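J.: Give me a 3D structure for the following:
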Amino acid sequence: MLDGKFLERYVGEYDLQLDAPIKVVLEDGVLLREYNGSRYALHPINDTQFYIAESDLIYLFVIAEDGEVTGVDIDQSGTSIYASRL
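T.: Take a look at the predicted model:
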C-alpha cells in the first residue's frame, strides 16, 4: 500500500477535453477518482499505475523529469486517452 503523503502528488484535476475534468482526491489515505457524478477508488498496481476494481480502467500517471505529475493516460481494453493536468 502506498503512503498517503506519496499519493498527494496525484491529487488534482485532469482535462479529458470532454464535458468535465476528472478529479482525483485523497480521503483517509485512499485515492479516489471523481467524474460525472461517479466516484471510485484507485487501487495501486505500482507507484504510478492504478486500477478501478469496478471497471477495466487503468490509470497511468505521467511524471516529468522534475517529478511533477503532468497528466494521466487512461486505458480501457487497449484504448488509451490522455488527460493533461490542469
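J.: Grab the most central residue of the protein for me.
T.: Geometric centre of the chain, nearest residue: residue 59, 5.2 Å, by CA atoms, centre = their mean.
J.: Let me know whether that residue touches residue 50 as I believe.
T.: Yes. Counting by CB atoms under 8 Å, a contact exists between residue 59 and residue 50, whose distance comes to 4.6 Å. Quick note: C-beta positions are derived from backbone N, CA and C, even for glycine.
J.: Overlap of the contact sets of the two?
T.: Jointly contacting residue 59 and residue 50 under the rule CB atoms under 8 Å, 6 or more residues apart in numbering are residue 42.
J.: returning to what we had before: and the residue nearest to the centre of the chain, what helix or strand is that in?
T.: For residue 59, the enclosing helix or strand under DSSP states H and E is strand 57-63.
J.: Give me the packing partners of the helix or strand that that strand is followed by, helices and strands only.
T.: Using DSSP H and E, the helix or strand that directly follows strand 57-63 along the chain is strand 69-76. Counting by 3 or more CB pairs under 8 Å, 6 or more residues apart in numbering; DSSP states H and E, the packing neighbours recorded for strand 69-76 are strand 12-15, strand 22-27, strand 57-63, strand 79-85.
J.: give me that answer again for 10 Å
T.: In this structure, strand 69-76 packs against strand 12-15, strand 22-27, strand 49-51, strand 57-63, strand 79-85, with contacts taken as 3 or more CB pairs under 10 Å, 6 or more residues apart in numbering; DSSP states H and E.
J.: in the worst-scoring helix or strand of the chain on mean pLDDT, what counts as buried?
T.: Sorted by mean pLDDT, DSSP states H and E, the helices and strands of the chain end with helix 4-7, the least confident at a mean of 83. For helix 4-7, a neighbour-count test (16 or more other CB atoms under 10 Å) marks residue 7 as buried.
J.: Appreciated, that's everything.
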